[in-house]
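*Asks:* what shape does this take:
(one chain, ligands or ions: 2)
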Amino acid sequence: MLASATIRDAPTLRNAQTLREADALLDAALIAPDRRDAIARVAARYAIAIPPALQSLIEHADDPIARQFVPHEDELVTAPHETADPIADEALSPVRGIVHRYKDRALLKPLLVCPVYCRFCFRREQVGPDGGLLSSTELEAAYAYLRAHTELREIILTGGDPLMLSPRRLGAILQVLDAIPHIETLRVHTRLPIATPETVTPDLLGALRTEKPLWLAIHANSAREFTPASRAALAQLARVAPLLGQSVLLAGVNDSPEAMEALLRAMLAARIKPYYLHQLDAAPGTARFHVPIERGRAILAALRGRISGLAIPAYVLDIPGGHGKVPIAPDHWRNDPGHGATVLDRDGNPHQVADQPRSG
Ligand SMILES: *Cc1c(COP(=O)(O)O)cnc(C)c1O
Ligand code: SF4
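*Replies:* Numbering: from 1, shown residues only. Ligands and ions are numbered 1, 2, ... in the order given. Here you go, the predicted model:
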């Protein structure tokens with residue numbers, strides 16, 4: 001059960017701290033006293049961090065910000081279909097810190113620390129504040145793998161959040177990748193400009209300057225995450241690299257056409273091209289966020305024609321077991337053998353189109 005709504009005072013970032021424990025959440029009035037012990041059990045299992053910028057956005061216990069970041073006792077319940085490594089990163093990891101699923105691109109996870117811990121995270125069993133910083137020996141082994149695999153053309157830094165590295169370390173990693181001849185493209189996945197926009201500093205921006213094209217993929221799930229501070233941080237980042245948006249379809253956060261439209265418009269306004277809308281991965285204790293795929297398809301269908309095509313992300317499912325991402329967007333096209341094809345317009349009306357050479 002959710003605690004009754006807690007309305008907080010006008011936000012102030014002064015003296016504010018990142019909340020990491022049940023007692024801190026209680027002091028901040030983000031959980032009710034009778035939930036303290038259950039939340040402490042959640043905290044013993046999964047990392048918690050709610051930085052000041054996000055705390056100040058929480059208006060009540062069931063709003064889109066609280067739902068994403070405030071822990072909940074339902075996280076202690078693992079549904080039968082949920083697994084610790086839902087998309088089999090581990091099985092596809094040839095060397096610590098690398099995941100190589102697709103031929104031409106691989107993930108490099110230099111650390112598993114994040115500025116905020118999302119309650120629906122698909123890597124929730126791995127991420128945490130003391131987790132996963134690759135040692136220099138491990139980094140060298142990862143570089144050796146990337147150098148040896150000349151079929152790789154793109155390296156995606158993820159984690160954890162790579163922008164949590166010191167600018168010096170991040171810059172050093174990007175320079176090594178920049179110098180590998182067969183690598184053409186670099187990508188960094190981050191939540192930082194949303195979670196701790198004040199940490200987007202000139203040093204960090206400097207670390208992101210590469211020779212090769214670099215793309216930044218920004219994780220955000222609700223329009224409310226785009227505050228003046230996060231928009232200012234994003235404007236700085238957009239001067240360094242093109243910005244892509246990544247979102248997860250989440251119950252109670254963005255599972256209506258209106259909420260999704262607001263999110264996608266907020267992204268465009270922040271110079272972000274929405275790239276992927278992810279179907280939720282089945283990590284343990286995340287069932288309360290599940291939105292059925294048919295519902296996701298209906299939401300996207302409702303947006304087609306209503307907002308700029310620039311704002312529409314690809315709706316994708318990462319197939320459980322490590323089989324990769326596949327588009328699951330609504331279909332507008334049906335093959336009619338012998339008669340060309342039928343397409344459905346944005347109102348669902350069918351139209352015949354010739355889709356074969358005309359005979360005679
Ligand atoms: C998602 C993912 C990628 C990137 O896939 P794109 O479709 O290129 O964004 C690469 N490797 C792994 C293991 C992934 O899970
Ligand atoms: S920022 Fe990304 S990796 Fe970190 S907890 Fe959230 S979803 Fe997981």
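
*Asks:* what does this structure put close to ligand 1?
*Replies:* For the chain, the residues in contact with ligand 1 (C-beta under 6 Å from any ligand atom) are 99, 101, 102, 105, 107, 156, 325. Placement of C-beta: from N, CA and C, glycine included.

*Asks:* mind listing what's buried along stretch 65-80?
*Replies:* Within stretch 65-80, the residues that qualify as buried are 65, 66, 67, 68, 69, 70, 71, 72, 73, 74, 75, 76, counting by 16 or more other C-beta atoms under 10 Å.

*Asks:* of all those, which two lie farthest apart?
*Replies:* Farthest pair in those (C-beta to C-beta) is 65 and 76. Separation: 22.0 Å.

*Asks:* and the gap between residue 117 and ligand 2?
*Replies:* Distance, residue 117 to ligand 2, by C-beta to the nearest ligand atom, to the nearest Å: 5 Å.

*Asks:* what pLDDT does that residue get?
*Replies:* Among the per-residue scores, residue 117 holds a pLDDT of 98.

*Asks:* go on, residue 209?
*Replies:* According to the prediction, residue 209 has pLDDT 97.

*Asks:* now do the one 4 residues further on
*Replies:* pLDDT recorded at residue 213 is 98.

*Asks:* just residue 334 next, same as before
*Replies:* pLDDT for residue 334: 80.

*Asks:* residues contacting it?
*Replies:* The contact partners of residue 334, taken as C-beta atoms under 8 Å, 6 or more residues apart in numbering, are 341, 342, 343, 344.

*Asks:* quick check, nearest of the residues of the chain next to ligand 1 to ligand 2?
*Replies:* The shortest gap between ligand 2 and any of these belongs to residue 107, at 11.6 Å (C-beta to the nearest ligand atom).

*Asks:* so that closest one sits against residue 92, correct?
*Replies:* No: if you go by C-beta atoms under 8 Å, residue 107 and residue 92 don't touch, sitting 9.1 Å apart.

*Asks:* who has more neighbours out of these two?
*Replies:* Between residue 107 and residue 92, counted using other C-beta atoms under 10 Å, the more crowded position is residue 107 (20 against 17).

*Asks:* quick one, domains of this protein?
*Replies:* 11-76, 98-326, 330-360 (automatic domain parsing).

*Asks:* endpoints of the longest one, how far apart?
*Replies:* When you say that, I think you mean domain 98-326. 21 Å (C-alpha to C-alpha, to the nearest Å).

*Asks:* so how far is it off the chain centroid?
*Replies:* Distance of domain 98-326 from the chain centroid (C-alpha atoms, centre = their mean, to the nearest Å) equals 5 Å.

*Asks:* which elements pack onto the one helix or strand residue 299 maps to?
*Replies:* For residue 299, the element it lies in under DSSP states H and E is helix 293-303. Applying 3 or more C-beta pairs under 8 Å, 6 or more residues apart in numbering; DSSP states H and E, we find helix 293-303 packed against helix 257-269, strand 314-319.
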